[in-house]
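K.L.:
Give the three-dimensional model of this entry:
(one chain, ligands or ions: 3)
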Amino acid sequence: MTPAAANLRIDPDRLWDSIHEIARIGPGRRGGSNRQALTDADGEARHLFAGWCRAAGLSLAVDRMGTMFATRPGTDPDALPVCVGSHLDTQPTGGRYDGVLGVLAGLELVRTLNDLDLRTRRPICVVNWTNEEGTRFAPALMASGVYAGMHDLDWALSRTDAEGRRFGDELARIGWQGDEPVGARRMHAYFELHIEQGPILEAEGCEIGVVTHGQGLWWLRVVLTGREAHTGSTPMAMRHDAGLGMARIIERVNRIAMDSQPDAVGSVGQVQFHPNSPNVIPGRAECIIDFRSPDPARLDAMKARLEAEAAEIAREAGLGLDIEPVGHFAPVTFDPGLVARVRAAAAALGYRHRDIVSGAGHDACAVAMVAPAAMIFCPCAGGLSHNEDESITREWAAAGANVLLRAAVETAGIVA
Ligand code: HGY
Ligand code: MN
Ligand code: MN
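P.N.:
Ligands and ions are numbered 1, 2, ... in the order given. Just a heads-up that it's a prediction; the model follows:
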């Protein structure tokens, strides 16, 4: 590593200010963020980010899923890029840092190289993946999933939100449907900085998580069909209560996850009753089940058990049942060479670090299927995330961004 590169550090105030400037777009009610994919707020944040990229001399390309690729040229025009990124979309009651830290740390990396007029052999590309969260349009990791070949493009563009609006129509409406074929752009390496979204790093006094693996995930859409009827005048024995069936399925998700310990989680975060009226027995109930485990056999066993026992629950309650897998990725092993580079960067920079498995899914989990990928975690207070009280310190953000800078620049190659 050249002396200039060995002393590289980002500008922590500029990174911090950028994070809090973009947080003004799509604010939550309690200081966090509500910038859901393909809303006007998402579109506005994209324009702000694109302006910052142009001001940093980056060339911007957008693919057909709306993913943004902002590239700083390298000295070798034929070399594949080193990509650094994450996502700008948020949960409805999200924090300011989930995803945003990784995208803006990538931009800060470029700004720092510009300040020092340092050239790299490989291009460096900052990425904003569309719809990482999957909250409005399931599944999560949607655009990176299409990029990795997990989903068909037309299937993704046809996904609808709770109001029946199509993903592709909303992407066009906010003016961010690009024309670059999804997946055509190859990467030499991909790094993603992200908050841990768990309590381990803070509890152990570590500033950096060296992410070796990511747990796998199944998202199952379950629809129960009963019969709408009057809640007052319908005898209990005559009810086909989709709401009751859903309650039993939600409880069974918890029981399956608890029976699958250690290293297994399961919850239902999204439920819709139809017609959702207090004096109508629900004729239809729909939810998405979220099962995760780092153990592929355990993950698939949870799914199989749920499918069998949901059929029994539906039969007992006299309900129709449909189960559709709407999201899946197997447990991920990140690229050992890049992981070692992240670990060496943390050590060289003097940060307390430890290896860690990611509980949350990230775009890097999809990208890892088609390119060498690695992740860097920084702590978050109390491990809290997907909550407006999510918080990190400026120092944690800077530590993560400095490790990202060093690992990415070492991979891209500094040209003296
Ligand atoms: O669901 C996830 O793990 C990610 O936070 N979207
Ligand atoms: Mn995220
Ligand atoms: Mn998230």
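K.L.:
got the contact list for the residue of the stretch 151-300 of the chain found nearest ligand 2?
P.N.:
Closest approach between the stretch 151-300 of the chain and ligand 2, counting by CB to the ion: His194, at 5.8 Å. Using the backbone N, CA and C atoms, a C-beta is placed for each residue, glycine as well. Shown in contact with His194 (CB atoms under 8 Å, 6 or more residues apart in numbering): 86, 98-99, 101-102, 358, 360, 362, 364, 375-378.
K.L.:
again, only this time at 7 Å
P.N.:
86, 101-102, 362, 375, 377 (CB atoms under 7 Å, 6 or more residues apart in numbering).
K.L.:
what do you get for Ala412?
P.N.:
Neighbours of Ala412 in contact, by CB under 7 Å, 6+ apart: 74, 82, 120-122, 124.
K.L.:
so which of the residues you listed is the most crowded?
P.N.:
The residue in these with the most neighbours, by other CB atoms under 10 Å, is Val82 (28 neighbours).
K.L.:
ok, now how distant is it from Gln270?
P.N.:
For Val82, the distance to Gln270 (CB to CB, to the nearest Å) stands at 36 Å.
K.L.:
go on, Thr393?
P.N.:
32 Å.
K.L.:
Contacts for the longest helix seen in the chain, please.
P.N.:
For the chain, the longest helix by residue count, based on DSSP state H, is helix 296-316. By CB under 7 Å, 6+ apart, the surrounding residues in contact with helix 296-316 are 216, 218, 220, 222, 224, 245, 248-249, 252-253, 256-257, 260, 263-264, 266, 289, 291-293, 320-321, 323, 330-331.
K.L.:
show me where this structure has helices.
P.N.:
3-6, 12-22, 40-55, 100-116, 142-147, 153-157, 167-173, 200-203, 242-259, 296-316, 336-348, 363-367, 394-412.
K.L.:
Reformat these into a markdown table and put distance to ligand 1 and mean pLDDT next to each item.
P.N.:
Output for the helices of the chain, formatted as a markdown table (distance: least, CB to the nearest ligand atom, whole Å; pLDDT from 0 to 100):
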| stretch | distance to ligand 1 | mean pLDDT |
| --- | --- | --- |
| helix 3-6 | 32 | 65 |
| helix 12-22 | 18 | 98 |
| helix 40-55 | 15 | 98 |
| helix 100-116 | 12 | 98 |
| helix 142-147 | 10 | 98 |
| helix 153-157 | 16 | 98 |
| helix 167-173 | 16 | 98 |
| helix 200-203 | 16 | 98 |
| helix 242-259 | 15 | 98 |
| helix 296-316 | 14 | 98 |
| helix 336-348 | 20 | 98 |
| helix 363-367 | 9 | 98 |
| helix 394-412 | 17 | 98 |
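K.L.:
any chance of those helices in a markdown table, plus distance to Thr130?
P.N.:
Shown next, in a markdown table, are the helices of the chain (distance: least, CB to CB, whole Å):
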| stretch | distance to Thr130 |
| --- | --- |
| helix 3-6 | 32 |
| helix 12-22 | 16 |
| helix 40-55 | 8 |
| helix 100-116 | 12 |
| helix 142-147 | 4 |
| helix 153-157 | 9 |
| helix 167-173 | 7 |
| helix 200-203 | 28 |
| helix 242-259 | 28 |
| helix 296-316 | 26 |
| helix 336-348 | 24 |
| helix 363-367 | 10 |
| helix 394-412 | 21 |
